[in-house]
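**Q** Have a look at this fold, sequence not included:
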């Protein structure tokens, strides 16, 4: 079963003792030591969604517990505290989080410790190195030759922090609701890429200055490469970061180049090409194929927004185009 065809209902794991909870976290995240500081039975609950790009878990222990974890080695790990408090440490640095106000990012080379309050609930996000570093490379337009060194604690209460939290919540909702994006590869890839980009913009790290540098706009040659890539791969799960990688420029430079050339963003260009493909299919639509099916095939999962984008581009609604076919 591929990541795109997994059921929308996420796996649910529950436990009332340390051994069972340890087993569940080991199977989804990493082997570790787990101890209790209050001796009360656990109210452990984990729901999670996973793909090759990331694992997104919603987790609670319901007790005062402490995890001692070895180095992740091949993954970065981010916790976003939703309620309650946690205390964490890694490489001699300590940090505290509180509900909807703080998060932590663990580097993969060093062991770390996490202590949960009984009322703590968190998003626990595991990101393979290849996913995170490839996303950064796409954003800055150059290879990432050294591991990303994240600061341990970061602010979730700021406007940017709330944007990251909102992006993760949106991904969770869309992947779990019955009519969400779990079966739409184009949209799922876009949402996951957006979450990774938000992490790289919000969590302080040693490459962040490269993301914030203004730089120059991509030239016409680079913009043309990106345009041709979209034309050839519009049915694939591509994003602005993918276009930047193909054009060998940063996302910021490509955005500036598209704005200068066409007055739109790379994402807007991708959307326009896909709308053109939708219109082509609507004009040649065989019996039994719905507008919704065609829209989903080209990555449009929110039908209200899709209809509005379509109307702005073509001056009519998708249903009007469908009625004009012979």
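**A** It's in. On a predicted model such as this, the values are computed, not experimentally measured, just so you know. Numbers count the residues shown, from 1 in each chain.
**Q** Strands along the stretch 151-300 of the chain, start to end?
**A** Under the criterion DSSP state E, counting those that start in this stretch, the stretch 151-300 of the chain carries strands at the ranges 153-155.
**Q** so where's it shaky on pLDDT?
**A** Within the stretch 151-300 of the chain, the stretches with pLDDT under 70 are 179-183, 213-215.
**Q** in a helix, that's where residue 135 is, yeah?
**A** Yes: judged by DSSP: H, G, I helix; E, B strand; the rest coil, residue 135 forms part of a helix.
**Q** give me the number of residues near it?
**A** Neighbourhood size, residue 135 [other C-beta atoms under 10 Å]: 25. To be clear about C-beta, it is placed using only N, CA and C from the backbone, and glycine gets the same treatment.
**Q** pretty sure it is in contact with residue 198, am I right?
**A** No: contact between residue 135 and residue 198 fails when scored by C-beta atoms under 8 Å: they sit 10.2 Å apart.
**Q** what ranges do the strands span in the stretch 1-150 of the chain?
**A** With DSSP E, counting those that start in this stretch as the criterion, the stretch 1-150 of the chain has strands spanning 12-15, 33-36, 44-50, 55-60, 65-69, 75-83, 85-90, 93-98, 102-106, 112-116, 121-128.
**Q** ok, residue 242 to residue 266 distance?
**A** Residue 242 sits 9 Å away from residue 266, going by C-beta to C-beta, to the nearest Å.
**Q** returning to that earlier point: could I get the strands of the stretch 1-150 of the chain as a markdown table with mean neighbour count and mean pLDDT?
**A** Output for the strands of the stretch 1-150 of the chain, formatted as a markdown table (neighbours: other C-beta atoms under 10 Å; pLDDT from 0 to 100):
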| stretch | mean neighbour count | mean pLDDT |
| --- | --- | --- |
| strand 12-15 | 16 | 95 |
| strand 33-36 | 15 | 97 |
| strand 44-50 | 19 | 95 |
| strand 55-60 | 21 | 97 |
| strand 65-69 | 19 | 98 |
| strand 75-83 | 22 | 97 |
| strand 85-90 | 19 | 98 |
| strand 93-98 | 16 | 96 |
| strand 102-106 | 25 | 97 |
| strand 112-116 | 20 | 98 |
| strand 121-128 | 21 | 98 |
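**Q** Thanks a lot, catch you later.
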